[in-house]
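[1] Sequence and predicted structure, then a few things I'm wondering about:
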Amino acid sequence: MTVIAFDGQVLAGDRKSVFGGTPMRTRKVFRVVAPNGRIALVGYSGSGPFVAAHLAWLRGGERPTFTHPDFKWSVLMIDDARNVWWRGDTADYWERQSCRRFAIGSGSDYALGAMAHGADAVAAVRIASKLDIQCGMGVDVVRF
């Protein structure tokens, strides 16, 4: 239901969200400043309330707890040293990725394939949105 892609420089995400069967636009990628002043780029696959709670945690609030077995979510975070981190409903910790390009969401395979053939993150999200009906409605971008 999402495609978030990082190409080593830019984090891009589609805007499509579905609520009650109705597609609508939403923002899924953010530039976050932590209480210690560090900056991160963050992209989300999951529900709106999860995104809001997780962003509040990264900005110094309480850690969110989402434990419902049917609730699926994934977070892609790029720290200010350009390290790629992933966290998801199956792992209750940040897992560092060894690659410079990474993608999450239902369109991630399409985005990774596009980037492997030279597309930047924005083009990768556009390509994935053409191939995965769960993605689309434009692209948002954040960078350092």
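    Now that the structure is in, tell me what you want to look at.
[2] Let me see the contact set for the residue nearest in space to the middle of the chain.
    Taking C-alpha atoms, centre = their mean, the centroid of the chain lies closest to G43, which sits 2.4 Å from it. Shown in contact with G43 (C-beta atoms under 8 Å, 6 or more residues apart in numbering): I4, F6, L11, G13, K28, V29, F30, V75, L76, M77, I104. Every residue, glycine included, has its C-beta placed from N, CA and C.
[3] Just to check, the first one is in contact with A12?
    Yes - in this structure, I4 sits in contact with A12. The criterion is C-beta atoms under 8 Å, and the distance is 7.3 Å.
[4] quick one: which of the two has more around it?
    More crowded of I4 and A12, by other C-beta atoms under 10 Å: I4, with 31 against 28.
[5] For this structure, just list every one of the strands.
    4-6, 10-14, 16-19, 22-25, 29-33, 39-45, 74-79, 84-88, 91-97, 102-104, 139-143 (DSSP state E).
[6] now those strands in a markdown table, with distance to A121 and mean pLDDT?
    Output for the strands of the chain, formatted as a markdown table (distance: least, C-beta to C-beta, whole Å; pLDDT from 0 to 100):
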| stretch | distance to A121 | mean pLDDT |
| --- | --- | --- |
| strand 4-6 | 4 | 98 |
| strand 10-14 | 4 | 98 |
| strand 16-19 | 17 | 91 |
| strand 22-25 | 19 | 93 |
| strand 29-33 | 10 | 97 |
| strand 39-45 | 10 | 96 |
| strand 74-79 | 11 | 95 |
| strand 84-88 | 12 | 93 |
| strand 91-97 | 15 | 88 |
| strand 102-104 | 8 | 97 |
| strand 139-143 | 7 | 98 |
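[7] on that earlier part again, of the contacts of G43, closest to L55?
    Of all the contacts of G43, L55 sits closest to F30, with 6.3 Å by C-beta to C-beta.
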